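S.K.: Can you look at this prediction? I've put the sequence above it.
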Amino acid sequence: MALLKKLRDELGSGDTIRRLFFGDLEPIVLQPGGANTVVHLYNQANDVTIAYCTSYDVFLAARPGRVTEFDPAEIK
């Protein structure tokens with residue numbers, strides 16, 4: 001989680017997230033936010049949900065467990 005917090009809102013962080021969790025991310029929810037749509041990606045191996053902005057390829061937030069909705073202020 002410490003590494004994820006360090007990557008938050010950095011350009012290109014979406015690519016880094018995909019490399020860290022290669023093949024283990026399952027899209028579970030779409031939520032309005034970011035520049036357009038935020039996808040919640042769940043990693044079952046680590047039991048963590050990641051909010052990812054599809055428009056800018058940026059990692060926005062992460063929380064332990066299977067999260068279906070992030071606070072809108074957290075993913076803008």
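M.R.: Yes, it's here. Numbers count the residues shown, from 1 in each chain.
S.K.: okay, CA-based contacts and neighbour counts for the rest of this
M.R.: Fine.
S.K.: Quick check: buried residues in the lengthiest helix in the chain?
M.R.: Looking across the chain with DSSP state H, the single longest helix is helix 13-20. In terms of neighbour count (16 or more other CA atoms under 10 Å), helix 13-20 has its buried residues at Ser13, Gly14, Thr16, Ile17.
S.K.: wait, the last one sits on Ala61?
M.R.: No - under the criterion of CA atoms under 8 Å, Ile17 is not in contact with Ala61, lying 11.3 Å apart.
S.K.: Checking my notes, Glu74 in a helix, right?
M.R.: Yes - checked against DSSP: H, G, I helix; E, B strand; the rest coil, Glu74 lies within a helix.
S.K.: Give me the nearest residue to it, chain neighbours excluded.
M.R.: Ala61 (7.0 Å; CA to CA, 6 or more residues apart in numbering).
S.K.: what about the helices in the chain?
M.R.: Using DSSP H, helices in the chain cover 2-7, 13-20.
S.K.: Can I get those in a markdown table including mean pLDDT?
M.R.: Supplementary listing: the helices of the chain in a markdown table, determined by pLDDT from 0 to 100:
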| stretch | mean pLDDT |
| --- | --- |
| helix 2-7 | 76 |
| helix 13-20 | 84 |
